[in-house]
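Chemist: can't give you the sequence, but here's the structure:
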């Protein structure tokens, strides 16, 4: 049954996009759990061994206590485990010469079907001592711990567990400890083929919710406010049995209002406004589903009476935004750092007469995930350390950016703000499930 889930997703997701039909596309909690465990098994078997080989770490310890989970451990728990239990110690041992990988838990329980308990408390009462026995039996060359100064998700080992581990380890084993930063980042950022099949469906759901929010079924010009649309989106997600990973935003650009500064817009946000004909709407919205996240920004225009299409000057402005996307993603290259891609793309945009700003982040099991950072809204000159991390294949990014455009018709500047899930793989760059190609017109 579980092997049919991806086929089920593929056959139903493209039959419809709104209302009760959208609800029918979303798996039950039970089927989601089976799908999550299927994906996790595949990652343990096909993703983790290569990552351990690439980083040269043959033993990885992931340690956490209940309700204070290491962010990496949270991505390794089976669907029925909403949290770690007591103190949970995961041990991954890679024997490259034998092409084997052991997945052990120094815990009283098996951690689902993928990680087997290796601690019999009746035989060895002390948990830390049992961990030492497991390490000594395998004699690894390097013992990786989740310690990182600059990547928060890879810095999940808390001080108490670290101190108790060092107290338990003989000095010879303590000398083998290294940071598992690159391994933890790799685990978080790398997407499997099964996950990418699912990711397409997530973007489809996200797009369908935005499309309904930006329609006359939700918006009545002169009555509906931006907060009304935001809370409609939150409620829609809840009604569908999904989660939002951040509070959505809806903002308005219109002819009678001066555009606020870039810094103000990002740091202060926008006040609630009533939506009127002639408004250019923008949303920032993302969902969580089966342990993956989306992050999308889209535009819509509320038609004035007598208008049947989006004005040509807004169409032209939007085209400048998609051009910045093309420039940016065209500079992706495996091994190239985020700062390098950022610098090249901003310069190329300026050379073409554009006014771009780029602030793209990794996307996956976390919304603001681990991996290379390609600019930040307040760091257009580059991001130290995290921006120096290189691009790897099989990774997903929120392609987030904007460009400022002067509208003679409105006698002001506006920003075209775009964000789409994009995948970087062996065959280059592609959007996970397309991108917005034109401003949506809202008729009423």
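Modeler: Arrived safely. These numbers were taken from a predicted model, which means no experiment stands behind them.

Chemist: CA only for contacts and neighbour counts going forward, please
Modeler: Noted.

Chemist: do you know how far residue 67 is from residue 292?
Modeler: 21 Å (C-alpha to C-alpha, to the nearest Å).

Chemist: who's more crowded, the two?
Modeler: Set side by side, residue 67 and residue 292 give different neighbour counts by other C-alpha atoms under 10 Å, the larger being at residue 292 (19 against 11).

Chemist: what sits against that one?
Modeler: Neighbour list for residue 292: 199, 364-366 [criterion: C-alpha atoms under 8 Å, 6 or more residues apart in numbering].

Chemist: now whichever strand or helix holds residue 92: mean pLDDT?
Modeler: Counting by DSSP states H and E, the element that carries residue 92 is strand 87-95. Here strand 87-95 scores 96 as its mean pLDDT.

Chemist: Name the strands paired with it and say parallel or antiparallel.
Modeler: strand 59-65 (antiparallel), strand 100-106 (antiparallel) (DSSP bridges).

Chemist: Show me what the helix or strand hosting residue 136 is packed against.
Modeler: Assigned by DSSP H and E, residue 136 belongs to helix 127-138. The elements that helix 127-138 packs onto, with contact taken as 3 or more C-alpha pairs under 8 Å, 6 or more residues apart in numbering; DSSP states H and E, are strand 100-106, helix 159-168.

Chemist: Now the first one: buried residues?
Modeler: Yep, that's strand 100-106 we're talking about. 101-106 (16 or more other C-alpha atoms under 10 Å).

Chemist: and if you look at stretch 54-69?
Modeler: Quick answer for stretch 54-69 (16+ other C-alpha under 10 Å): 56-65, 69.

Chemist: ok, so of these, who is nearest residue 221?
Modeler: Distance to residue 221, by C-alpha to C-alpha, is smallest for residue 69 among the buried residues of stretch 54-69, at 46.0 Å.

Chemist: circling back: could you tell me the angle between the strand holding residue 92 and helix 159-168?
Modeler: Put simply, strand 87-95 runs at 60 degrees to helix 159-168, going by axes from the mean of the first three to the mean of the last three C-alpha atoms, to 10 degrees.

Chemist: Run through who's touching strand 87-95.
Modeler: By C-alpha under 8 Å, 6+ apart, strand 87-95 touches 49, 52-53, 58-66, 100-107, 115, 138, 140.

Chemist: report the angle between the axes of that strand and helix 127-138?
Modeler: Interaxial angle, strand 87-95 versus helix 127-138 (the same axes, to 10 degrees): 0 degrees.

Chemist: how much distance is there from strand 87-95 to the middle of the chain?
Modeler: Here strand 87-95 is found 25 Å from its chain centre; the criterion is C-alpha atoms, centre = their mean, to the nearest Å.

Chemist: Show me the domain layout of this protein.
Modeler: 48-187, 193-442 (automatic domain parsing).

Chemist: How is residue 415 assigned, secondary-structure-wise?
Modeler: strand (DSSP: H, G, I helix; E, B strand; the rest coil).

Chemist: Equivalent analysis for the one 4 residues further on, please.
Modeler: Reducing the assignment at residue 419 to three states with three-state DSSP gives strand.

Chemist: which residues does it form a beta bridge with?
Modeler: Note on residue 419: beta-bridge partners by DSSP bridges are residue 297, residue 400.

Chemist: Looks like it contacts residue 400 (just checking).
Modeler: Yes: with contact defined as C-alpha atoms under 8 Å, residue 419 reaches residue 400; the gap is 4.2 Å.

Chemist: Tell me where the model's unsure across this structure.
Modeler: Flagging of the chain using pLDDT under 70 yields the residue ranges 1-24, 260-269.

Chemist: one more time with 50, if that's ok
Modeler: In the predicted model of the chain, residues 1-17 satisfy pLDDT under 50.

Chemist: residues making contact with the helix holding residue 136?
Modeler: The list of residues contacting helix 127-138 from outside it, by C-alpha under 8 Å, 6+ apart, reads 93, 106-107, 119, 121, 124, 164-165, 168-169.

Chemist: Can you name the two of the buried residues of stretch 54-69 that sit furthest apart?
Modeler: Using C-alpha to C-alpha, the buried residues of stretch 54-69 span at most 26.9 Å, a distance reached by 56 and 65.

Chemist: ranges for the helices of the stretch 201-350 of the chain?
Modeler: Ranges of helices in the stretch 201-350 of the chain, per DSSP state H, counting those that start in this stretch, are 226-239, 262-268, 312-330, 338-351.

Chemist: Which stretch among the ones you listed approaches residue 439 most closely?
Modeler: The nearest among these, by C-alpha to C-alpha, is helix 312-330 at 7.0 Å.

Chemist: hmm, back to that, and of the strands paired with strand 87-95, who's closest to residue 184?
Modeler: Nearest to residue 184, of all the strands paired with strand 87-95, is strand 59-65, at 9.3 Å by C-alpha to C-alpha.

Chemist: can you give me how far the closest one is from the chain middle?
Modeler: Worked out by C-alpha atoms, centre = their mean, strand 59-65 lies 23 Å from the chain centre.

Chemist: just stretch 407-420 next, same as before
Modeler: Here stretch 407-420 is found 27 Å from its chain centre; the criterion is C-alpha atoms, centre = their mean.

Chemist: Please apply the same query to stretch 95-106.
Modeler: Distance, centroid of stretch 95-106 to centroid of chain: 29 Å (C-alpha atoms, centre = their mean).
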